[in-house]
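Trainee: Provided below for reference: sequence and predicted model.
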Amino acid sequence: MRAVKSQTLYWMAITFVLFPVLILLGIYMRSVQAGALPALEGWFYPMMTLHGVGMVGVWYVAAVACAANVLAKYAAPSPAIGRLAIAGTVVGVLLLLACVFLGRFAAGWYFLYPLPFKGEWPAWSAVVFLVSLTVLGATWLVWSLDLLRAIAARYSLGQALGWHYLAGRSDPVLPPAVLIITVSLIASVAALVAGVIMLVLFYLELATGAPNDALLMKNLIFFFGHTLVNLALYLGVALAYEVLPEYAGRPWKTNKVVVISWNAVLAIVLVAYFHHLYMDVVQPGVLLYIGQVASYASAIPAAVVTIFGALLLVYRARMRWNLASILFFLGLAGWAIGGVGAVIDSTISANVRLHNTLWVPAHFHTYMVAGLVFLVVAYFYHVCQEAAAAPERTGYQKLLATLMVLGAYGFFLMFYLSGAYSVPRRFAAYPAELAHGAIYSGIAAAFAALFLLGFVLYLVETGKRWRRALAHAS
Amino acid sequence: MLRHTALLAAAALALAGAARADTAADGKVLYEQKCAACHTIGGGDRIGPDLHGVAARRPEAWLLHFITAPDKMIAAKDEVAVRLYEKYNRIIMPNLGLSEADARAVLAHIQAMTAGAVPAAAAARPSPLPQPELAAPQSAVLTTFLVLAALIVAVFGWIALSTRSPAEVDVKRAYGVRKVFFVTAAVVLVALLVATLPRAPYARADLKPDRIVHVAARQFDFVFSDEPIVRATDIGRVPTIQRLALKAGTLVEFRVTSLDVNHGFGLYGPQRQLVAQTQAMPGYVNRLVVRLAEPGQYKAFCLEYCAAGHHLMQVGLTVE
Ligand code: HEM
Ligand SMILES: [Cu+2]
Ligand SMILES: [Cu+2]
């Protein structure tokens, strides 16, 4: 039995409460798009905003919380800052709920400037939204910095990035998870700093009335959003590096290739965001082309090093399959499949027919739900099971994993098909020319409900262990 | 004396007429600038109701009040206002800062236009169209994705099944396989880059368009014109193109900007699928050059979320 940090368990509780609620919002959105809830159509865009910001936020903090739990094995993150992160996140979420439910704030999860100031919602709700993001951003920035500080207390920067492996040395030994967490946290600091700059520009406009530059703001928001979402995924992958070897009974170690690949990821992730601006042709052309090159390049370390490494780890291994190892394995598959959808979309000549269609939520839901969510909930289960050492019901676990996979991929497929048919994303209702979008929406709602059922079964299985883990928490 | 009075009356009438013509003219500009994004006069419902004959439907005082302060009337739960609000997707008509005199001028314009326009045939919702056949580029995208996804599923499935017969693996050999995989993936990706980058749909200096169309996007419509419209006040001053018709095969350059927030100009062809798109950004003009080869009815939908009327924001054009 291994005691778990109580903070990790609190983060789990937050995730377990918020995720099902946010899924319900997703099902609600698909039902409105199917034309099934005409009376509630007016809430579509506020709920879309809440779902987007909420999901991105929840899975970012869940991933960082897991990373902090892993780091605790090798370094000493500050418990006080950990508590601050929980408190700041709760305050930020309450402010977000206030502006969406009381103010019907609905600028979408990336609230493109100047939309927050020019919607049908009251001005105060935009201010509360910006304050909410400021609280969240500042809290997470402090949290990321503290985790980096903890790493720096144990390794030098070069060591934490594994540069000594390039020189042929492997002392000190650097677990791959620590390498990836370092890379991700550096990206996290960069993203959050960009986010803070953008928020300051918003406040300056509020204070002085002098308008901002729409293109600059677009670059800042996409740098922030793209980087934040990507690094959350990398943290999920770090968990697989850390835990999957225990189930495969084989090591998965840092080596030269792993170091090169994750250092490359750090460079690539910072410029790939240009692919969000392909349709802004006033952006200097070379940046747009860099966007495609970087997006393609990011596939190499992911596919050739990490996915290949994971498959090699599992290939003909004496694998102990349980809910954790199954979900880790599925999570890596989801990352790869979503990645294919993303690389296709990052091709400029294809993007002109896919940009802002449902193809976009199609691929990001694939690697978020079937990638990041699977990886994180695999880790959650793993940690609780380690602490609780309860007997495992393999049949039940396989059943719930099957429900989650069927539900998720059925739901994604409807997005992909709609996207291929040019059905736009973020439409509360579809025009007559695109009426087929409504049919896909209805089917998607049913699949999403299936996923939710699977997740509830997961909660039953993990919740029991979570309670026992809490009783023995450290 | 009588003659005198008659003359005076005539002069007064003429003056009044001129004055009315004047307010109606101002009213037209105001209407184009502030109302046409959401309303038509005899063209059917858009974001808000068709205003054809609205002066006959509602008392003048109510109209003046509503036009100058729609938000307050809805907040005060005015029965008619709330009913309209419920009917029109719960989109609150914005308070556009009109004075009562402005509102009178706009109403005069609406009345003048009502006189000349036939009401749109009972604005029935257009009936849903069947799913079109997937266009070739879209079909290529979908097929590529499905094939690669199936491949990934197959590989993961094979690896999962392999754990049924555990054995040691030869790591050296595996690294050999990885090298082959790396080289293959790198070659494929570079080849794809070389093949696709030059096909980026950006305006090139050597392309001389046959026709330049200016597009101004605003919450919640697109305005076509031959002269640039870059500020809200240009509307009403610069003549707009009411019905854009182009010859098949024309190389058109759309110069797209926005008067308020970000919008997307997503051009859908006769098969109701995207043929091209660009963003409409305040303060910038994005150039979209596209050859409209296939004749038929085209439509532009807004492809960047721009608040409550986003999914209703659209404009048609014909290629003949
Ligand atoms: C099974 C669970 C989920 C369901 C049913 C669901 C459903 C949806 C739906 C229907 C939309 C609107 C699509 C559109 O028309 O544009 C949406 C948007 C979105 N979802 Fe999810 N989703 C789920 C999980 C997630 C997760 C795990 C994330 C994690 C990061 C996420 C992040 C987002 C974001 C960022 C948006 C865009 C919001 C915006 O456009 O402002 N979703 N989701
Ligand atoms: Cu728009
Ligand atoms: Cu829009």
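Mentor: Structure received. Ligands and ions are numbered 1, 2, ... in the order given.
Trainee: what separates the helix or strand hosting A:Phe44 from the chain centre, distance-wise?
Mentor: Per DSSP states H and E: A:Phe44 is located in helix A:44-71. Averaging C-alpha positions (Cα atoms, centre = their mean, to the nearest Å) puts helix A:44-71 7 Å from its chain's average.
Trainee: elements contacting the helix or strand just after it?
Mentor: Moving toward the C-terminus from helix A:44-71, the next helix or strand (DSSP H and E) is helix A:79-101. Counting contacts by 3 or more Cβ pairs under 8 Å, 6 or more residues apart in numbering or on different chains; DSSP states H and E, helix A:79-101 packs against helix A:6-33, helix A:44-71, helix A:123-154. For the C-beta atoms, the positions are set from N, CA and C on the backbone; glycine is no exception.
Trainee: if you look at helix A:79-101, does any of it touch ligand 1?
Mentor: No - legend: contact between helix A:79-101 and ligand 1 by Cβ under 6 Å from any ligand atom is lacking; minimum distance shown is 11.8 Å.
Trainee: quick one: that helix to chain centroid distance?
Mentor: 18 Å.
Trainee: please save the CA atoms from the helix or strand containing A:Gly339 in CSV.
Mentor: For A:Gly339, the element it lies in under DSSP H and E is helix A:323-345. Taking C-alpha atoms only, helix A:323-345 is exported to CSV below (Å, rounded to 0.1, in the frame of the first residue of the first chain):
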residue,chain,number,x,y,z
LEU,A,323,-8.3,-0.5,-15.8
ALA,A,324,-5.2,1.6,-15.5
SER,A,325,-3.1,-0.1,-18.1
ILE,A,326,-6.0,-0.5,-20.5
LEU,A,327,-6.8,3.2,-20.3
PHE,A,328,-3.1,4.2,-20.7
PHE,A,329,-2.9,2.1,-23.8
LEU,A,330,-6.1,3.5,-25.2
GLY,A,331,-5.1,7.0,-24.3
LEU,A,332,-1.9,6.7,-26.4
ALA,A,333,-4.0,5.4,-29.3
GLY,A,334,-6.4,8.3,-29.0
TRP,A,335,-3.5,10.7,-29.0
ALA,A,336,-2.3,9.2,-32.2
ILE,A,337,-5.7,9.1,-34.0
GLY,A,338,-6.5,12.7,-32.9
GLY,A,339,-3.0,13.7,-34.1
VAL,A,340,-3.7,12.4,-37.6
GLY,A,341,-6.8,14.5,-37.7
ALA,A,342,-4.8,17.5,-36.5
VAL,A,343,-2.0,17.0,-39.0
ILE,A,344,-4.5,16.9,-41.9
ASP,A,345,-6.1,20.1,-40.6
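Trainee: now it, how far from the chain's geometric center?
Mentor: Distance, centroid of helix A:323-345 to centroid of chain: 13 Å (Cα atoms, centre = their mean).
Trainee: who are the contact partners of residue 285?
Mentor: Going with chain A. Neighbour list for A:Gly285: B:Tyr202 [criterion: Cβ atoms under 8 Å, 6 or more residues apart in numbering or on different chains].
Trainee: wait, chain B
Mentor: A:282, B:228, B:230, B:255-257.
Trainee: try A:Ala177
Mentor: A:Ala177 neighbours (Cβ under 8 Å, 6+ apart): A:67, A:70, A:238-239, A:241-242.
Trainee: try it again at 6 Å.
Mentor: Shown in contact with A:Ala177 (Cβ atoms under 6 Å, 6 or more residues apart in numbering or on different chains): A:70, A:238, A:241-242.
Trainee: mark which of those residues are part of strands, please.
Mentor: Among the contacts of A:Ala177, none falls in strands (DSSP state E).
Trainee: elements contacting the helix or strand that A:Tyr458 is a member of?
Mentor: Element membership of A:Tyr458, judged by DSSP H and E, is helix A:436-471. Contact here means 3 or more Cβ pairs under 6 Å, 6 or more residues apart in numbering or on different chains; DSSP states H and E; on that basis helix A:436-471 packs against helix A:6-33, helix A:374-388, helix A:394-420.
Trainee: okay, buried residues for it please.
Mentor: Residues A:436-441, A:443-452, A:454-455, A:457-459, A:461-462, A:465-466, A:468-470 are the ones in helix A:436-471 that count as buried (16 or more other Cβ atoms under 10 Å in any protein chain shown).
Trainee: just to revisit the earlier point, from the contacts of B:Val285, which land in strands?
Mentor: Counted as lying in strands by DSSP E, out of those, are B:255-257.
Trainee: can I assume B:Val252 sits in a helix?
Mentor: No - assignment of B:Val252 by DSSP: H, G, I helix; E, B strand; the rest coil gives strand, placing it outside any helix.
Trainee: that one against B:Arg211, yeah?
Mentor: Yes - under the criterion of Cβ atoms under 6 Å, B:Val252 makes contact with B:Arg211 at 5.1 Å.
Trainee: more neighbours: those two, which one.
Mentor: Per other Cβ atoms under 10 Å in any protein chain shown, whichever of B:Val252 and B:Arg211 has more neighbours is B:Val252, with 21 against 14.
Trainee: list the buried residues in stretch A:279-291.
Mentor: By 16+ other Cβ under 10 Å, the buried positions in stretch A:279-291 come out as A:279-283, A:288-291.
Trainee: among those residues, which lie within helices?
Mentor: Among the buried residues of stretch A:279-291, the ones falling in helices (DSSP state H) are A:288-291.
Trainee: dump the helices and strands packed on helix A:79-101 into JSON lines; add distance to B:Thr196 as well.
Mentor: Below are the helices and strands packed on helix A:79-101 laid out as JSON lines (distance: least, Cβ to Cβ, whole Å):
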{"stretch": "helix A:6-33", "distance to B:Thr196": "31"}
{"stretch": "helix A:44-71", "distance to B:Thr196": "29"}
{"stretch": "helix A:123-154", "distance to B:Thr196": "36"}
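Trainee: just the ones you listed: most buried one?
Mentor: helix A:44-71 (a mean of 24; mean count of other Cβ atoms under 10 Å in any protein chain shown).
Trainee: the helices in the stretch 101-250 of chain A, which residues?
Mentor: For the stretch 101-250 of chain A, applying DSSP state H, counting those that start in this stretch gives helices covering A:123-154, A:157-160, A:163-166, A:176-208, A:214-248.
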